[in-house]
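> got a structure for you, letters missing:
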């Protein structure tokens, strides 16, 4: 399934909010994903 950028950003925001209360490992994973996407 292809996610458009808006939906993807919403998903990132939700995951970030959840992760802030759970684990910082998820944050580094998200930053890594965003780096990969911004290269495209």
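Nice, thanks for sending it over. Predicted model, so just to flag it, every value in this text is computed and none were measured.

> quick check: longest helix of this protein.
In the chain, taking DSSP state H as the definition, the longest helix is helix 5-22.

> Report all helices and strands that that helix contacts.
helix 25-39 (3 or more C-beta pairs under 8 Å, 6 or more residues apart in numbering; DSSP states H and E). Using the backbone N, CA and C atoms, a C-beta is placed for each residue, glycine as well.

> where does the most centrally placed residue in the chain land on pLDDT?
Nearest to the geometric centre of the chain sits residue 12, at 3.4 Å (C-alpha atoms, centre = their mean). If you check residue 12, the pLDDT there is 85.

> Can you tell me how far it is from residue 37?
10 Å (C-beta to C-beta, to the nearest Å).

> quick one on the thing from earlier: okay, buried residues for the longest helix of the chain please.
15, 19 (16 or more other C-beta atoms under 10 Å).

> give me the low-pLDDT residue ranges for this protein?
1-3, 21, 23-24, 26, 40 (pLDDT under 70).

> residues touching residue 20, list them.
If a contact means C-beta atoms under 8 Å, 6 or more residues apart in numbering, then residue 20 has residue 27 as its contacts.

> how much space between it and residue 11?
Using C-beta to C-beta, one gets 15 Å for the distance from residue 20 to residue 11.

> Residue 5 too?
In terms of C-beta to C-beta, residue 5 sits 11 Å off from residue 11.

> Also residue 34?
Using C-beta to C-beta, we find residue 34 at a distance of 12 Å from residue 11.

> Same question for residue 36.
15 Å.

> now swap in residue 37 and tell me
12 Å.
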